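Engineer: no sequence on hand, only this structure:
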């Protein structure tokens, strides 16, 4: 039994030592142009899902009506979400491709988060995402504004013409 435990400890130690040398001697690139590390996407997805937890089931206290979607469009524009996540009917900005992971295009022609629960988007906007360029907006926006932009993104594939028009405006308009 002692030999087994000793072998187990030595085996674990060798794995840790190998990982350390691999990471510290150029085996892992942390450049943004590199691809994901082994199991990185899986682990990041699992950690994010665990962090969001029950919040994904949260429902907006506001209806997804034109008033709230227009307000969400203004929040999206005024807080420079377009800088990373793009404008309606335009390709993603170049800066989105310089982040790792890449910032997703949230408005058409991108897929965005229209298939995500609105509670998930609310949590992400409110809390941000560690190890990415997504900041937390909890201290910058009211909870109502966070819900409004979350509703906008949830419904980005079926926006009315007035909401679309707002999203096509330049920041200086």
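Structural biologist: Happy to help now that I have it. Quantities reported herein were computed from a predicted structural model and do not represent experimental measurements.
Engineer: following whichever strand or helix holds residue 70, which helix or strand comes up?
Structural biologist: According to DSSP states H and E, residue 70 maps onto helix 66-78. Taking DSSP H and E as the definition, the helix or strand that follows helix 66-78 towards the C-terminus is helix 82-85.
Engineer: burial of residue 80, as a residue count?
Structural biologist: Counted with other C-beta atoms under 10 Å, the neighbours of residue 80 add up to 10. Just so you know, the C-beta spots here come from the backbone N, C-alpha and C atoms, and that holds for glycine as well.
Engineer: now do the buried residues in stretch 9-25.
Structural biologist: Along stretch 9-25, not one residue counts as buried under the neighbour rule (16 or more other C-beta atoms under 10 Å).
Engineer: how about the contacts made by residue 144?
Structural biologist: Residue 144 makes contacts with residue 62, as judged by C-beta atoms under 8 Å, 6 or more residues apart in numbering.
Engineer: assign a three-state SS to it, would you?
Structural biologist: Classification of residue 144 using DSSP: H, G, I helix; E, B strand; the rest coil returns helix.
Engineer: that older thread, same question for the helix holding residue 70, mean pLDDT?
Structural biologist: The pLDDT scores in helix 66-78 average 97.
Engineer: now residue 148. Nearest residue, chain neighbours left out?
Structural biologist: When the adjacent residues along the chain are set aside, residue 148 lies closest to residue 72, with 3.8 Å between them (C-beta to C-beta, 6 or more residues apart in numbering).
Engineer: wait, residue 62
Structural biologist: The shortest distance from residue 62 to any non-neighbouring residue, by C-beta to C-beta, 6+ apart, is to residue 68 (4.8 Å).
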